[in-house]
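Novice: Generate a structure from the sequence data that follows.
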Amino acid sequence: MASKLQHLIDKNREWAERVELETPGFFKKLAAQQSPKYLWIGCSDSRVPANQVIGLAPGEVFVHRNVANVVVHSDLNALSVIQFAVDVLKVEHIMVVGHYGCGGVLAVLHEKRVGLADNWLRHVQDVKMRHRGRLMHLCNQEQEDTLCEVNVIEQVGNVAQSNVLQDAWARGQAVSVHGWCYGLKDGHVKDLGVTMSNSEEVVDVFRNAIKRYPRAPGETATSTDLHL
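Specialist: Numbers count the residues shown, from 1 in each chain. Modelled structure (predicted):
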């Protein structure tokens, strides 16, 4: 009986043959080792494929994805990926990559229930509540884009504060964490200017990045707004 996914298997064969034709020995070399310089932490959204977005071949970027590109210290899956990437693969750059129009972020912003994932999205809800003074005075589209960006900045801070990164920096390992946001409409990546390369600069980089999003006139910062 033919597989209902035979068309995908056929496409796989065509792709493998094309790659081997263009780069003889590619898969043999790939099977021997992986030595990526980059770890991509992104959203599970099918419209944001890591390798294609930054023009890298298989084996050149280590990838972890989840709904709304969240990194929290209770998620052993994400932490295990980060630990393996930093301690074993010795990646030099970690990119936390959100995207505009993220379904998870928009569900939080507009208070829409999606099911079991609502529990996971509570982390994004926390981000929204911490920075509501920088969001709620904006028009709808600006609110959506800003929360997508601020969520990335928060997750960059979480990666930087993890024991994996703190230990790596303490032993002098050269590894940086970056925050990007990807545009579905044009395919362009926006650097959010929140790169952290050592423990000493984490707080200042985070605070300066958040300050780029003005609060409503007359509102003052709260203790939770700058929680790092």
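
Novice: got the CA positions of the one helix or strand in the chain whose mean pLDDT sits lowest in PDB?
Specialist: Lowest mean confidence among the helices and strands of the chain (mean pLDDT, DSSP states H and E): helix 26-32, at a mean of 88. Coordinates of each C-alpha in helix 26-32 appear next as PDB, following Å, rounded to 0.1, in the frame of the first residue of the first chain:
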ATOM      1  CA  PHE A  26      27.800  16.900   1.000                       C
ATOM      2  CA  PHE A  27      25.900  14.300   3.000                       C
ATOM      3  CA  LYS A  28      29.000  12.100   3.700                       C
ATOM      4  CA  LYS A  29      30.700  15.200   5.100                       C
ATOM      5  CA  LEU A  30      27.600  16.200   7.000                       C
ATOM      6  CA  ALA A  31      27.200  12.800   8.600                       C
ATOM      7  CA  ALA A  32      30.800  12.800   9.900                       C
END
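
Novice: hey, where'd the strands end up in the chain?
Specialist: Along the chain, counting by DSSP state E, strands occupy 38-43, 61-66, 93-99, 176-182, 189-191.

Novice: in its sheet, what does the first one sit against?
Specialist: Paired strands of strand 38-43, with direction, are strand 61-66 (parallel), strand 93-99 (parallel) (DSSP bridges).

Novice: possible to save the ones you listed as TSV with distance to Thr23 and mean pLDDT?
Specialist: In this view, the C-beta of every residue, glycine as well, is placed from N, C-alpha and C. Converted to TSV, the strands paired with strand 38-43 look like this (distance: least, Cβ to Cβ, whole Å; pLDDT from 0 to 100):
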stretch	distance to Thr23	mean pLDDT
strand 61-66	17	97
strand 93-99	24	98
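
Novice: just the angle between the helix ranked longest in the chain and strand 93-99, please?
Specialist: The longest helix of the chain (DSSP state H) is helix 140-161. Going by axes from the mean of the first three to the mean of the last three Cα atoms, to 10 degrees, helix 140-161 is angled at 160 degrees with respect to strand 93-99.

Novice: Verify the contact between Ala57 and Ala50 for me.
Specialist: No: with contact defined as Cβ atoms under 8 Å, Ala57 does not count as touching Ala50 (11.6 Å).

Novice: More neighbours: which of these two?
Specialist: Ala50 (21 against 11; other Cβ atoms under 10 Å).

Novice: how close does that one get to Val91?
Specialist: From Ala50 over to Val91 the distance is 13 Å, taken as Cβ to Cβ, to the nearest Å.

Novice: same check, this time on Trp120
Specialist: 25 Å.

Novice: Comparing these two, which residue is more hemmed in?
Specialist: Comparing Trp120 with Val91 by other Cβ under 10 Å, the one with more neighbours is Val91, at 24 against 16.

Novice: out of the strands of the chain, nearest to Leu165?
Specialist: Evaluated over the strands of the chain, closeness to Leu165 peaks at strand 176-182, with 6.8 Å, by Cβ to Cβ.

Novice: That concludes my questions; thank you for your assistance.
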